[in-house]
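# after the sequence you'll find the predicted model.
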Amino acid sequence: MGFILAATGSAIGLGNLWKFPFITWENDGGAFVLVYLVCIAAVGLPIMMAELLVGRKSQKSAVGALKEVVGPLWGSLGLWGVLCGFVLLSYYTVIAGWSLYYFAKSSSWLINGFPTGTNMGDLFGAQSGNGALQLGLSLAFSIATVSVVYFGVQKGIERIAKLFLPVLFGILVLLLISALGMSGSGEALRFIFRPNFAELDRASVLEALGHSFFTLSLGMGAMITYGSYISKNQSIVKASAIIVVLDTLIALIATVIMFSVIFSVPGMDQQVSGTGTVGMLFISLPELFFTEVPFGQVLGPLFYVLVALAALTSTMSLLEVVASYVIDNHGIARNKATLMCGGVIFLFTILAAVSFGAVPAITDLQLGGALGDMFFGGKVGWFGMADHFVSNWMLPTGGLGITIAAGWVVSREITKSELVDGTQPGWFSYGAWRFFIRYVAPVAVGAILIAVIFFGRDFS
Ligand code: PHE
């Protein structure tokens, strides 16, 4: 139980609540969502099982596990994952910090009343562009992450996760019911679920693939590390299915909620777009909490605490990947390693924190030309560039490595004995898994990467 909670906590995070809705918006919905769902089922689910089995087999963290189960040279794939975790954690912390700000803000609205008519887009822009505030918020969140890993209070966090996951789910369902009653909900559902393939380009396909890794915490060793916690009498297949289904459900619900608000409240789309859409979670929801939902004034602050906790169970797993590498491979004590890694990562968090207007040179940073377009999606600013590169390139290449390792290098006996151990559910077919991990997943990831490298972003 502890393991499922920890792994689900790692998967469910800002990827579901903050990122998926706005990239769905940027990629014009429907077709993008469909490609994402296909990637989750055909690539994400088999790789989830692969990472967990490598972890449980070796009882080690990413680098050591790959070396032991796959082969000595495969340690470098683990190192790639460590680097990925390092960069991902550095910018993820900034968004987590925003949830702290909105917790404080919505608490003050609860006490002093909601200033109706406030332009939430402007409010968001003002907070994200305030350098000192951003540094403070992300420092606070980094300290929280480091403390959890430092004091080894994973157990405590798991206990919290047990409580907060159902509450988060409950609030989301309540918000969903309110949102579906709004005038724009039909348009929102059409936008999200009616595919229009004319709007889809190669870059969107890569983004959907990349996000399926991001949201499931795959491609960088986090699930290998967590796999080492699964007990022998627990089914890896069942656990993977639970994590994948819950994660996808939460992302879709969050998206329906946010788009219903955007399509219902006049001017909301301009407020969201005015900040380049990254603020969607923090711009559209306050409106819902404070004007639509019964008891919303109380649920608002509670919701933002839950967002922060959901982020914390993800940042915990990211820091764990980096710190456990330093602990296991450089023989440094846990306390020291955690502080050291947390400190060095925070230096990069600073760059991400001042990417939203506080420091112009970093906000406007851009790599032009074909390479900039390919690797950074034409994104401007340190934050956007780092996120694009990690999600679209680092995670998929890491994931590709894992499919090749699990499908072609690790023996059939080993993978079979881990997945088919008498605890697996009736619907599971080992032959199908092996087919997906050997052919479908690597070919899909490889083809998408090659298509973007050689043929650019559009299909036309
Ligand atoms: N899955 C997390 C989210 O959706 C992010 C994450 C990625 C966490 C990779 C750990 C490893 O927010």
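In hand now; what should we look at?

# now for residue 264: which residues touch it?
182, 183, 184, 185 (Cβ atoms under 8 Å, 6 or more residues apart in numbering). No exception for glycine: its C-beta is placed from N, CA and C like everyone else's.

# show me just the buried residues among these.
182, 184, 185 (16 or more other Cβ atoms under 10 Å).

# name the element the closest residue to the second one other than its chain neighbours belongs to?
Using Cβ to Cβ, 6 or more residues apart in numbering and skipping the chain neighbours, the partner closest in space to residue 184 is residue 263 (2.7 Å). When elements are defined using DSSP states H and E, residue 263 is found to belong to helix 236-264.

# if you count neighbours, what's buried in that helix?
Using 16+ other Cβ under 10 Å as the test for burial, helix 236-264 gives 236-237, 239-241, 243-244, 246-248, 250-264.

# just checking, what packs against the following helix or strand past that helix?
Later in the chain than helix 236-264, the nearest helix or strand by DSSP H and E is helix 268-274. Counting contacts by 3 or more Cβ pairs under 8 Å, 6 or more residues apart in numbering; DSSP states H and E, helix 268-274 packs against helix 120-128, helix 236-264, helix 280-291.

# now whatever helix or strand comes next after the shortest one and helix 120-128, what's the angle there?
Right, the one you point to is helix 120-128. Scanning forward in sequence from helix 120-128 by DSSP H and E, the next helix or strand is helix 131-150. Calculated by axes from the mean of the first three to the mean of the last three Cα atoms, to 10 degrees, helix 131-150 forms an angle of 70 degrees with helix 120-128.

# packing partners for helix 131-150?
Counting contacts by 3+ Cβ pairs under 8 Å, 6+ apart, helix 131-150 packs against helix 75-112, helix 120-128, helix 296-330, helix 334-353.

# closest point of the stretch 351-460 of the chain to the ligand, which residue?
Closest to the ligand within the stretch 351-460 of the chain is residue 395: 7.3 Å, counting by Cβ to the nearest ligand atom.

# tally of neighbours for that residue?
26 (other Cβ atoms under 10 Å).

# what sits against it?
Neighbours of residue 395 in contact, by Cβ under 8 Å, 6+ apart: 84, 210, 213, 214, 218, 219, 220.

# just the pLDDT for the first one.
The one in question is residue 84. Note on residue 84: pLDDT of 97.

# now do the same contact list for it.
Contacts of residue 84 (Cβ under 8 Å, 6+ apart): 219, 220, 390, 394, 395, 398.

# which residues of the chain lie near the ligand?
10-11, 13-16, 88, 214-215, 217, 220, 222, 314, 317-318 (Cβ under 6 Å from any ligand atom).

# need the max-distance pair from the residues you listed.
16 and 220 (17.3 Å; Cβ to Cβ).

# for residue 166, which of the helices and strands packed on helix 131-150 is the nearest?
Here helix 296-330 is closest among these (Cβ to Cβ), at 10.4 Å.

# what about the residue of the stretch 101-250 of the chain found nearest the ligand, which SS state?
Ranked by Cβ to the nearest ligand atom, the top residue of the stretch 101-250 of the chain for proximity to the ligand is residue 217, at 3.5 Å. When classified by DSSP: H, G, I helix; E, B strand; the rest coil, residue 217 comes out as coil.

# which neighbouring elements make contact with the host helix or strand of residue 454?
Assigned by DSSP H and E, residue 454 falls within helix 441-455. Helix 441-455 is packed against helix 202-215, helix 395-404, with contacts defined by 3+ Cβ pairs under 8 Å, 6+ apart.

# those helices: which one's closest to residue 53?
helix 395-404 (10.6 Å).

# put the alpha carbons of that closest one into CSV.
This file holds the C-alpha atoms of helix 395-404, laid out as CSV (Å, rounded to 0.1, in the frame of the first residue of the first chain):
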residue,chain,number,x,y,z
LEU,A,395,12.4,11.9,-21.0
PRO,A,396,11.5,10.3,-24.4
THR,A,397,15.1,9.4,-25.0
GLY,A,398,15.5,8.0,-21.5
GLY,A,399,12.3,6.1,-22.1
LEU,A,400,13.5,4.7,-25.4
GLY,A,401,16.6,3.4,-23.6
ILE,A,402,14.5,1.7,-21.0
THR,A,403,12.3,0.0,-23.7
ILE,A,404,15.4,-1.3,-25.4
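
# now for residue 90: which residues touch it?
Counting by Cβ under 8 Å, 6+ apart, the residues that residue 90 touches are 345, 346, 348, 349, 351, 352, 386.

# that concludes my questions; thank you for your assistance.
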